[in-house]
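A.B. asks: Quick one, what's the 3D model for this:
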Amino acid sequence: MREFLMNSRGLDSQKPVPLGHVGALDGLRGVAVLLVLAFHAHLTAAVGGFIGVSVFFTLSGFLITSLLLRESASSGEISLRSFWSRRFRRLLPAALMTQALVVLMGALGVWDNDQLRMLRTDVPAALAQVANLAFIAKGTSYAGDMASPSPLSHYWSLSLEEQFYLLFPVLVGLCLLAADGRRKVLVWVLGLASMGSVLLSWRLGQDRPDRAYFGTDTRLFELLAGALLACGTLYRMQFNSVWARRAMTALGAVGLVSLLWMTNQGSLSSTWLHPWGFLLVTASSTALIASCLQPGPVGSVLSWGPLRLVGTYSYGLYLYHWPIFLWLTPKRLGLSLYPTILVQLGVTTAAAVASYHFLEHPIRTRTWLKGRTPLVLSPATGLAVFVATVLITSAVPTPVDRLATAAEAAASNPEEARPIAEEIEPPQRLLVVGDETAIPLVEALTTTATRTKSNVVITSSVIPNCGTTVGGTTYLVGVAQTPDPSCATALNTWKTAVATDHPDVILVAAGRHDLVDRKMWVEDPIRSFPDPALVEFVGAEASQTVEALAADGATVTWLPVLPAAPSTDPNQVPLPWSLEDRVLSFNLLLTQLVESQSAMKPLDVAQFVSTWSGGEQDPTYRTPSGELTTLGAESVATWFLNTANEWRRQPLPAPSAPTAVPGVPADLAPPPPPEPRSLPADGESTRILVVGDSVAFGYGFSLQDWAESQRRVQVANAGQFNCPIARGGTYRFENQVQEFPLRCDWSTLIPGWLNETRPHLVVLSNGIWDVVDRILPGQKKWSHLGEPDVDDYLLREALAQIDLLASDGAKVILLTQHHMEIGTNKGFVGLPESQPERIDRYNQILGSLHELRPDTTAVIDVAGWVASQPGGELDAEKLKDGLHYFDEYYAVIADWLGPEVLAQLQAPAG
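C.D. replies: All right, here's what the predicted structure looks like:
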């Protein structure tokens with residue numbers, strides 16, 4: 001079909017206003033391409049520069065419709081052949097040249113294997129002008145796949161415009177034919193189509209933003225807005241009224257400011273982008289175009305010579321810049337971001353200018369390739385590009401198709417072949433734990449896994465503003481931080497997630513909160529990385545975290561901290577994670593941890609982010625404060641899923657055989673020869689010595705009061721505050737970290753106590769200081785009761801203490817420890833030292849001690865007696881702080897405990 005002829009109205013009696021060449025529109029085209037270049041150059045101020053493409057769409061809609069309407073109004077027909085020929089000569093030569101250059105760069109080794117694999121489908125799609133539709137079909141994300149982007153990913157917009165150029169003239173012709181050349185039907189059709197496109201963009205943009213971004217139907221309203229403006233300016237482009245011109249100037253200025261604001265504030269991840277963001281851009285572009293048609297300051301600004309020149313070369317700049325930007329990266333050039341941008345822009349400009357003068361302009365003006373030559377040469381060139389693509393990508397390795405491999409094996413050896421279905425692996429279970437930096441990563445991992453159809457199930461357990469290090473008082477930029485109770489229980493929360501999800505791989509995304517300044521306890525100095533004591537402390541915490549997470553068999557990997565860019569404000573105190581020495585020290589600690597933990601895998605994220613075109617601080621991928629942007633998170637997520645694709649669970653060690661006495665080692669030395677029992681002579685008072693911790697001090701105090709009402713009973717109180725049975729090392733209590741003091745060394749104190757009191761009975765009560773998290777002497781990791789090494793250490797220490805207490809013939813009475821709720825009076829909930837299983841293990845060990853020393857010990861279950869009383873053992877009417885009893889209740893206990901202790905004086909051994 002060559003043309004649509006108008007019906008009986010023939011030529012329009014009213015003459016359309018000639019459009020002519022509007023220099024300001026060249027300047028607007030220049031602004032649009034500069035926005036795109038700034039966006040792809042990763043300038044911080046242009047994170048929304050992708051809107052330049054939307055400006056192109058609206059401008060194209062206006063110009064194309066203006067030409068079609070003027071042709072129809074002037075000649076009574078629309079020549080489709082002429083229209084498509086002009087578009088063909090204008091767009092196709094440079095597009096084919098760019099594709100040929102991209103393929104040549106692939107042959108020269110510029111692109112990696114992932115990019116070469118993309119070219120297999122992207123080149124044919126670009127040749128067929130369906131790149132945007134192919135990206136939708138593949139599930140490509142314009143905001144993702146940034147680790148190795150396709151060199152032809154920018155062809156989606158060219159394909160969309162070509163589809164518009166192919167179909168839109170037919171629609172215009174049909175509408176004008178149906179309305180005898182009038183624009184009324186066309187305006188209605190364009191208006192309804194625009195509304196439908198906006199609604200579709202809104203609906204798809206909520207759940208499928210990539211579909212909304214690439215879709216011809218969802219972006220159509222941007223082109224049709226320009227088309228509607230062309231309908232309205234066919235017979236009148238300029239206003240005669242001064243006030244109307246001023247109003248248009250104001251609208252144009254507002255439109256320009258809006259575009260600049262969107263360029264600075266917009267983002268491909270902005271939830272309001274579809275459709276509201278693009279509606280704002282479209283309205284602003286339409287206002288700018290209308291303003292450019294009027295005499296005034298907006299048109300004058302956009303008619304500035306250099307800007308118009310950029311607009312003249314805009315098509316070539318758009319085509320060539322992307323593969324050049326991907327090629328000339330900071331890493332390849334050995335330059336920082338801004339010098340790299342200058343090189344990229346220089347090479348791009350040279351390519352665009354050469355292309356315009358030696359390729360595009362000669363062909364468009366028919367200086368070259370006259371007649372029907374292009375009809376033969378273009379398909380031949382496209383075929384050559386396609387064949388070259390096949391040749392250079394044929395040797396690129398493809399991920400092994402396990403089903404095909406299994407089927408091939410079955411065909412060649414059917415007797416040994418297993419059913420193909422058995423070869424399908426279950427999905428990899430990935431658990432992400434960490435602080436707030438893990439949140440965008442979890443979202444990106446989920447999105448990327450869905451888009452790429454990865455065989456992975458992703459769960460998460462994220463606790464914002466918490467590190468993996470618990471203890472002491474933290475300081476951020478010199479200000480003491482209020483402790484968050486959830487941070488103290490973070491590891492338990494993550495262990496619960498592990499027990500629930502049974503992951504194959506655990507990704508830890510945390511660390512910046514471990515880099516803060518820290519005071520371990522009240523009298524400790526404030527320490528900063530890389531202070532050796534702090535590094536050792538944080539390392540112990542990290543080791544404990546990895547061991548706990550890997551206990552179920554998962555492979556654990558830890559994402560190193562990416563340093564934030566240093567602040568350019570000399571008055572701003574730098575954040576800990578922007579200080580390079582701190583970050584390097586922490587990441588070195590992680591490297592050492594990988595070497596010492598068989599369940600860990602390394603992650604060299606620093607090497608990966610260095611491949612970003614703007615380097616590790618690329619503002620497209622990193623915010624000024626160091627967080628990953630949505631694009632950055634999707635880039636890291638894509639890289640991580642590829643890296644961890646083959647990771648699976650670690651084999652668990654076989655469970656050890658149970659022993660007759662749980663936790664009792666076989667290499668214990670035999671007990672010393674028993675001393676004669678020390679018993680009171682006739683008329684002599686029974687002497688009782690109470691030793692232990694602060695709870696023991698309370699028992700001793702109340703037993704002294706009880707003894708005053710008894711005949712011939714004396715009680716000496718040697719309870720010590722904050723001292724364990726198992727001496728030495730570092731401990732953590734109520735999130736404060738410090739070392740047990742030398743005064744707790746009972747081996748230097750007990751001889752004096754025995755000499756002074758000459759007891760017949762010794763009451764030993766302890767518990768809290770032996771169930772806290774500890775770093776035992778000679779070790780560098782946190783551990784606690786219930787773990788074999790701690791159980792063994794406590795057992796040996798307790799036996800030595802019992803033997804020393806019984807060395808003068810006294811009988812040692814072991815009191816069970818009640819369950820605790822430590823720190824309830826200070827707002828703490830669920831501290832590790834309050835875990836019931838630790839107390840239960842402590843009481844089990846007391847039973848083991850009695851079995852090992854039956855002649856010199858006895859066990860009194862004071863905790864069981866308290867639990868049997870009204871209110872139970874955790875009754876708030878009994879415990880004032882979750883650990884110590886009120887004085888009144890100590891007295892109640894003493895009335896029961898005193899006789900129980902005295903009864904042991906005459907009780908038989910064992």
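A.B. asks: Give me the residue ranges of the stretch 351-500 of the chain where confidence is low.
C.D. replies: Applying pLDDT under 70 to the stretch 351-500 of the chain picks out residues 369, 371, 374-375, 397-425, 483.
A.B. asks: For the helix or strand containing residue 549, give me every contacting residue.
C.D. replies: For residue 549, the element it lies in under DSSP states H and E is helix 532-550. Helix 532-550 is contacted from outside by 433, 468-471, 491, 494-495, 498, 506, 508, 514, 518, 520, 527-529, 556, 558, 585-586, 589-590, 592-593, 596-597, 599-600, 650, 730, 737, 775, 780-783, using CB atoms under 8 Å, 6 or more residues apart in numbering. All C-beta atoms are positioned from the backbone trio N, CA, C, and that covers glycine.
A.B. asks: quick one, what contacts residue 463?
C.D. replies: The neighbours of residue 463, taking CB under 8 Å, 6+ apart as the test, are 434-435, 486-487, 490, 493.
A.B. asks: can we see that at 6 Å?
C.D. replies: 486, 490 (CB atoms under 6 Å, 6 or more residues apart in numbering).
A.B. asks: Phi first, then psi, for it.
C.D. replies: Main-chain torsions, residue 463, degrees, to the nearest 10: phi -120, psi 100.
A.B. asks: tell me the mean pLDDT over the helix holding residue 549?
C.D. replies: Regarding helix 532-550, the rounded mean pLDDT is 86.
A.B. asks: Determine the next helix or strand in the C-terminal direction from that helix.
C.D. replies: Counting by DSSP H and E, the element after helix 532-550 in chain order, helix or strand, is strand 555-558.
A.B. asks: next structured bit after that next one?
C.D. replies: Next along from strand 555-558, by DSSP H and E: helix 580-596.
A.B. asks: C-alpha coordinates for that following helix, CSV please?
C.D. replies: The C-alpha coordinates for helix 580-596 follow below in CSV (Å, rounded to 0.1, in the frame of the first residue of the first chain):
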residue,chain,number,x,y,z
GLU,A,580,39.9,2.4,55.2
ASP,A,581,42.1,1.1,58.0
ARG,A,582,39.1,-0.2,59.9
VAL,A,583,37.5,-1.8,56.9
LEU,A,584,40.7,-3.5,55.8
SER,A,585,41.4,-4.8,59.3
PHE,A,586,37.9,-6.2,59.6
ASN,A,587,38.1,-7.8,56.1
LEU,A,588,41.5,-9.3,56.9
LEU,A,589,39.9,-10.8,60.0
LEU,A,590,37.3,-12.4,57.7
THR,A,591,40.0,-13.8,55.5
GLN,A,592,41.7,-15.4,58.5
LEU,A,593,38.4,-16.8,59.6
VAL,A,594,37.9,-18.5,56.2
GLU,A,595,41.3,-20.1,56.6
SER,A,596,40.4,-21.4,60.1
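A.B. asks: So which residues of the stretch 101-250 of the chain form helices?
C.D. replies: 113-127, 131-138, 155-178, 184-207, 209-214, 216-232, 242-265 (DSSP state H, counting those that start in this stretch).
A.B. asks: Of all those helices, which one comes closest to residue 339?
C.D. replies: Across the helices of the stretch 101-250 of the chain, the minimum distance to residue 339, taken as CB to CB, is reached by helix 242-265, at 22.8 Å.
A.B. asks: Give me the residue at the spatial middle of this structure.
C.D. replies: What sits nearest the mean C-alpha location of the chain, by CA atoms, centre = their mean, is residue 441, with 2.3 Å.
A.B. asks: okay, and for the stretch 101-250 of the chain, where does confidence drop off?
C.D. replies: 141-148.
A.B. asks: on that earlier part again, adding mean neighbour count, write the helices of the stretch 101-250 of the chain out as JSON lines.
C.D. replies: Output for those, formatted as JSON lines (neighbours: other CB atoms under 10 Å):
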{"stretch": "helix 113-127", "mean neighbour count": "21"}
{"stretch": "helix 131-138", "mean neighbour count": "21"}
{"stretch": "helix 155-178", "mean neighbour count": "20"}
{"stretch": "helix 184-207", "mean neighbour count": "17"}
{"stretch": "helix 209-214", "mean neighbour count": "22"}
{"stretch": "helix 216-232", "mean neighbour count": "23"}
{"stretch": "helix 242-265", "mean neighbour count": "17"}
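A.B. asks: Fine, thanks again, bye for now.
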